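**Student:** what follows is a predicted protein model with its sequence.
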Amino acid sequence: MIYLIGIKCYICTIFKLHMKDTILVIGASGQIGTELVSTLRCTYGNTNVVASDIRPIKSYDNLQSGPFEVLDIMDKELLFEVVKKYQVTQVYLLAALLSATAEQNIELGWSLNMRSLSHVLDLAKEKHIKKIFWPSSIAVFGPTTPRIMTPQHTIMEPNTVYGISKMAGERWCEYYHKKFDIDVRSIRYPGLIGWKSQPGGGTTDYAVHIFHEAIKNKKYTCFLSENTTLPMMYMSDANRAALEIMEAPTEHLKIRSSYNISGTSFSPKELAEEIKKYIPEFEMYYKSDYRQKIADSWPQNIDDSIAFNDWNWKSSFNLQEMTSDMLNNIKTHIIE
């Protein structure tokens, strides 16, 4: 098995020599896509990775460093045209309406999250695509799920349209794999934290906003209560997980719905205390909103032992390392 360490891939050259596929990233301007496109191009070569989004992306590097297409994933014919144009063999389907945003637009949340997956799976069934990466989420779990060390196989009764769509998507992926032998691979992301882009409307967005506000204004009002512990993951680990599961030998992957993966769990209070080590004058306030109910239905931490056993997944960043790296990068690259 091949392992990738962080954003800078120490084996980029090896991958480039053996890479014969063309990758299409759908949703390249989102929180995951902004960083994942850069990582994929570093790993496989700029011309082998096509970035796409419903509108031109904000990241200058992603727009200029390789091919880019304006693509509405709801338009199946346009998707097919892009796949044919670049002879795409792998798709990373990142387009989605996240938990908090989808609750404000239920019909769009369901339609976008399900139809986008259906379109890509159908193209694979028709032999136009060889391999698919589709991220699921801890939102598939609900208030009846065990919250401590949530196992891979457990009760799944999500209470958000995002979680319901992800649970249905997992079943869809497993069905297409068993019925049509589609090579679709998936991981259940926890809350994601990165410095290169703003979050896209999720329940854990506070964990990104807090860093920018701490640096700029020395204070932040959190929309979750201080002791709301949730599983989180630094974007470097999230990117590495995607590449590692896509590179894992097919015979090693026993889960074709979606794998639990874990990073580090913490509460807003714990994160604020860590930030105060670098910004002592930082002040944290709390004013819970509708996202609190969503957070209360999610796990506090995740058992990812099956991912470790099957493809040797292991996270790298803990709370302390993530906090230091976030503050340093935002100060260096974002805040003037």
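**Tutor:** Now that the structure is in, tell me what you want to look at.

**Student:** okay, now the unreliable bits of the stretch 1-150 of the chain?
**Tutor:** Applying pLDDT under 70 to the stretch 1-150 of the chain flags the ranges 1-19, 58-63.

**Student:** where do the helices of it begin and end?
**Tutor:** For the stretch 1-150 of the chain, the helices defined by DSSP state H, counting those that start in this stretch cover 12-18, 31-44, 60-64, 76-86, 99-104, 106-125.

**Student:** kindly report the same for the stretch 151-300 of the chain.
**Tutor:** Counting by DSSP H, counting those that start in this stretch, the stretch 151-300 of the chain has helices at residues 161-180, 206-216, 235-247, 268-276, 291-296.

**Student:** show me what the second one is packed against.
**Tutor:** Other helices and strands packing on helix 206-216, by 3 or more C-beta pairs under 8 Å, 6 or more residues apart in numbering; DSSP states H and E, are strand 191-193, strand 219-222, helix 268-276, helix 319-329. (C-beta placed from N, C-alpha, C; glycine too.)

**Student:** would a markdown table of the ones you listed with distance to residue 252 be doable?
**Tutor:** Conversion of the helices and strands packed on helix 206-216 to a markdown table gives the following (distance: least, C-beta to C-beta, whole Å):
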| stretch | distance to residue 252 |
| --- | --- |
| strand 191-193 | 25 |
| strand 219-222 | 40 |
| helix 268-276 | 35 |
| helix 319-329 | 28 |
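
**Student:** out of these, flag the one nearest residue 311.
**Tutor:** Proximity to residue 311 (C-beta to C-beta) singles out strand 191-193 among those, at 19.6 Å.

**Student:** direction included, what does the closest one pair against?
**Tutor:** Using DSSP bridges, strand 191-193 pairs in its sheet with strand 230-234 (parallel).

**Student:** quick revisit: now the helices of the stretch 151-300 of the chain as a markdown table including mean neighbour count, mean pLDDT and distance to residue 192?
**Tutor:** Output for the helices of the stretch 151-300 of the chain, formatted as a markdown table (neighbours: other C-beta atoms under 10 Å; pLDDT from 0 to 100; distance: least, C-beta to C-beta, whole Å):
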| stretch | mean neighbour count | mean pLDDT | distance to residue 192 |
| --- | --- | --- | --- |
| helix 161-180 | 20 | 97 | 14 |
| helix 206-216 | 20 | 96 | 8 |
| helix 235-247 | 22 | 97 | 5 |
| helix 268-276 | 19 | 98 | 14 |
| helix 291-296 | 18 | 95 | 15 |
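
**Student:** how close does residue 165 get to residue 67?
**Tutor:** 29 Å (C-beta to C-beta, to the nearest Å).

**Student:** revised request: answer the last question for residue 123.
**Tutor:** In this structure, residue 123 and residue 67 are 18 Å apart, going by C-beta to C-beta.

**Student:** okay, these two: which has more neighbours?
**Tutor:** residue 123 (20 against 17; other C-beta atoms under 10 Å).

**Student:** quick one: contacts for that one?
**Tutor:** Residues in contact with residue 123 (C-beta atoms under 8 Å, 6 or more residues apart in numbering) are 79, 80, 83, 91, 129.
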